[in-house]
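Visitor: coords below, sequence missing:
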Ligand SMILES: [Zn+2]
Ligand SMILES: [Zn+2]
């Protein structure tokens, strides 16, 4: 992206402008801005996750220079629901904006817990304003109404944003599940009422826009999961997203019906459990056992719900599969159920984990072969049904990779929506009150969290880290006396290379370094730079010839 403009146009009081800083052209890192009458609000502030190309970086947040540049023209940050791809960046970006964060009571409790854990000092200053499902609130230039929708986390909302430019609707993540297990089915009367009032534009979830039909109901999972547990005579572990409170409920009831005790393994599951319980969810279930309690029961008496469905190396299931977990183990004859979908980009890590389990003679069950998962997003028949209720004049597909946005746009046109546009992160669009067009582009980007420090994903530090991973590292220590003569033999150490233990090669390398340093003039040896260069090129020659590798070489010159 060469565009670096961080200044948004000033929206007039007859139009609503829209721009996404994340979430259009990717699934994850959702952040949309809506502008009217000179002011803006942000909807969602999510993260996405690192992969093999970002070694050491697990969390990626949007570049919010555009949002920060708004200053006090940013009236609020509204969170649609408590999923990481919608709320997860708030703790990391908390210091960069001053306005309050608006969200449901459930999301508020979840966010407070996250701010305590990840937010640092900036997190403590975030002002959180709760809006219940069905509630309305004036936020800057918009009258905002939250309408509860079924999804895979409690209190997910569709948002109506009213202004003098008309009503625009931000769908958030949703499905039309008649039996959501946690929460209520969608209030179709209320949605139809919005349609009657007039929806100028709909910004809508595209995750499953390439899938025909109707996404299956969470309530259809209870029976097959119960049957599955009953059919096993040893441990049954479930891997699922910690945020999927309905699934925790479904698995707990199935375990009970199959005569087993259920427990949770992993920090994020316990955090979600505590937040959900505090808000009256997960009621009427037997208590979830702690990890040590689960570990003490016979294998045929337990069901363990674990973090790590995406093959994350630090999550519980990964540690269990490596026999690194203190309380929970898996053995031949056990069953591990992946009650989740593979997030694009994670397929390799998930495949590796599943292969490892299979090699241990563990039975791996996925939603490809058994009814153990349903999606939280709408397929085509549900999209069509929502269009028929809201009757939007315009559609802007969101929450999807390019192929999802594109497929959703074609489908929207087929369903008769008059105006449909595909936009990507950074495209500033007039959504309502004037022609439906792109006005300009603004800067967008991704920033990695390297521990607690922000790191540029296209910067030198990460590039070096990738190179180190590919070619290993070499270190040379050269010790010179006051006159610039070698005071001791130089030392070479290698790491991440098979040659690291090859004594002959190391000795040859050290001799080559000594010779190269001695070949320098006495004058040259007075400065570190020529000594470093000579040592580095001597070592590089030896390694290239004997190993064919070009590791990162660092040289340390000590003077005694
Ligand atoms: Zn989402
Ligand atoms: Zn979601």
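Guide: Received, thanks. Since we're looking at a predicted model, the values are computed, not measured. Ligands and ions are numbered 1, 2, ... in the order given.
Visitor: ok, now how distant is the spatially closest residue to residue 297 that is not a sequence neighbour from residue 301?
Guide: Closest residue to residue 297 in three dimensions, ignoring its sequence neighbours and counting by CB to CB, 6 or more residues apart in numbering: residue 261, at 6.2 Å. The way it works is simple: take the backbone N, C-alpha and C, and place the C-beta from them, glycine included. Per CB to CB, to the nearest Å, residue 261 is found 6 Å from residue 301.
Visitor: got it, and residue 266?
Guide: From residue 266 to residue 301 the distance is 20 Å (CB to CB).
Visitor: the more surrounded of the two?
Guide: residue 266 (25 against 12; other CB atoms under 10 Å).
Visitor: Any idea how many residues pack against the spatially closest residue to the more buried one that is not a sequence neighbour?
Guide: In space, and not counting its chain neighbours, residue 266 is closest to residue 307: 3.1 Å by CB to CB, 6+ apart. Per other CB under 10 Å, the neighbour tally for residue 307 reads 24.
Visitor: tell me the contacts of residue 307?
Guide: Counting by CB atoms under 8 Å, 6 or more residues apart in numbering, residue 307 touches 239, 242, 265, 266, 267, 268, 269, 315, 316, 317.
Visitor: Inside strands: which ones of the residues you listed?
Guide: When DSSP state E is applied, those are split such that 239, 265 fall in strands.
Visitor: so which of the contacts of residue 307 comes closest to ligand 2?
Guide: residue 242 (12.7 Å; CB to the ion).
Visitor: dump the residue contacts of the closest one.
Guide: Residue 242 sits next to 266, 268, 269, 271, 272, 307 when contact means CB under 8 Å, 6+ apart.
Visitor: got TSV for those, with pLDDT and distance to ligand 2 too?
Guide: Below are these laid out as TSV (pLDDT from 0 to 100; distance: CB to the ion, whole Å):
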residue	pLDDT	distance to ligand 2
266	95	19
268	92	15
269	96	17
271	94	17
272	95	13
307	97	17
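Visitor: quick one: which of these sit in helices?
Guide: 268, 269, 271, 272 (DSSP state H).
Visitor: And the pLDDT for the residue nearest to the first one when sequence neighbours are not counted?
Guide: Spelled out, it's residue 268. In space, and not counting its chain neighbours, residue 268 is closest to residue 242: 4.0 Å by CB to CB, 6+ apart. With respect to pLDDT, residue 242 has a value of 92.
Visitor: Which one (most neighbours) among the ones in helices among the contacts of residue 242?
Guide: Highest neighbour count within those: residue 272, with 26 neighbours (other CB under 10 Å).
Visitor: Residue 278 reaches residue 109, doesn't it?
Guide: Yes - judged on CB atoms under 8 Å, residue 278 makes contact with residue 109 at a distance of 5.9 Å.
Visitor: Pick out whichever of the two has more residues nearby.
Guide: It is residue 109, of residue 278 and residue 109, that has more neighbours when counted by other CB under 10 Å, with 19 against 14.
Visitor: Apart from its chain neighbours, what residue comes closest to the more buried one?
Guide: residue 275 (4.9 Å).
Visitor: same thing with residue 145?
Guide: Counting by CB to CB, 6+ apart, the residue nearest residue 145 is residue 160, at 4.3 Å.
Visitor: The one helix or strand the one you found maps to and ligand 2, are they touching?
Guide: Residue 160 is part of strand 156-163 when elements are defined by DSSP states H and E. No - on the criterion CB under 5 Å from the ion, strand 156-163 is out of touch with ligand 2, staying 6.3 Å away.
Visitor: That strand and ligand 1, are they touching?
Guide: No - Strand 156-163 is not in contact with ligand 1 by CB under 5 Å from the ion; minimum separation 9.0 Å.
Visitor: what sits up against that strand?
Guide: 16, 34, 36-37, 41, 43, 78, 80-81, 83, 104, 133, 141-150, 167-174, 183, 191, 194.
Visitor: What does the pLDDT read for residue 3?
Guide: 50.
Visitor: hmm, back to that, what's the distance between the residue nearest to residue 268 and residue 388?
Guide: From residue 242 over to residue 388 (counting by CB to CB), the distance is 35 Å.
Visitor: and residue 555, what is it in contact with?
Guide: Contacts of residue 555 (CB under 8 Å, 6+ apart): 475, 476, 477, 478, 531, 532, 535, 536.
Visitor: For residue 92, state which of those is nearest.
Guide: residue 475 (33.5 Å; CB to CB).
Visitor: where's that closest one, which helix or strand?
Guide: Judged by DSSP H and E, residue 475 forms part of strand 473-480.
Visitor: could you say what helices and strands that strand packs with?
Guide: Counting contacts by 3 or more CB pairs under 8 Å, 6 or more residues apart in numbering; DSSP states H and E, the secondary-structure elements packed against strand 473-480 are strand 491-495, helix 503-519, helix 528-547, strand 552-559.
Visitor: Including mean pLDDT, could these go into CSV?
Guide: Shown next, in CSV, are those (pLDDT from 0 to 100):
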stretch, mean pLDDT
strand 491-495, 92
helix 503-519, 93
helix 528-547, 93
strand 552-559, 92
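Visitor: Each with direction, which strands does the strand holding residue 160 pair with?
Guide: Paired strands of strand 156-163, with direction, are strand 142-149 (antiparallel), strand 166-170 (antiparallel) (DSSP bridges).
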